[in-house]
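Asks: Build the 3D model from these lines:
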Amino acid sequence: MRMSLAQRVLLTWLFTLLFLIMLVLKLDEKAPWNWFLIFIPVWIFDTILLVMLIVKMAGRCKSGFDPRNGSQNLKKKAWYLLAMLLKLAFCLALCAKLQRFTTMKLAYVFIPLWALLIGGMVELGYNIFYVRRD
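Replies: Okay, the predicted model is just below:
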């Protein structure tokens, strides 16, 4: 089952819109919801992306797949999986901090996000400068 680009864009836009509406209602104090409820659209979207990524990575296990083809592709998918997990860790830590479940310093909450941004910059630099052009 494949989604077209238009369907992916529409799904991304829909979940972002739902999250922003819920966030505005929470910040305007119109809805006394828990912060974990506010982030539900983000987590649903991330879950869909994680499932799609895991299914694509598991496709390498089928019979007849040549492991020499696409070892770079597997590294890229592993980076995507790590990036999604770092984003999930950041969202969970942020919600716990905002809901006052923990007395963790705000600098510690942002460590997964900083690691994600540094990793993204490293990957961007690698793709710009070190990828061999044919």
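
Asks: just checking, next helix/strand downstream of the helix or strand where Leu11 lies?
Replies: Element membership of Leu11, judged by DSSP states H and E, is helix 5-27. Beyond helix 5-27 in the direction of the C-terminus, DSSP H and E gives the next helix or strand as helix 35-38.

Asks: Just the mean pLDDT for whichever helix or strand comes after that following helix, thanks.
Replies: Per DSSP H and E, helix 35-38 leads on to helix 40-58 as the next helix or strand towards the C-terminus. Averaging pLDDT along helix 40-58 yields 88.

Asks: can you pull the buried residues of the helix or strand that helix 40-58 is followed by?
Replies: For helix 40-58, the following helix or strand on the C-terminal side (DSSP H and E) is helix 71-98. By neighbour count, with 16 or more other C-beta atoms under 10 Å as the criterion, the buried positions of helix 71-98 are 77, 80, 83-84, 86-91, 93-95, 97. C-betas here are computed from N, CA, C, even on glycine.

Asks: same question, stretch 116-132
Replies: Within stretch 116-132, the residues scored as buried using 16+ other C-beta under 10 Å are Leu116.

Asks: Perfect, that will be all.
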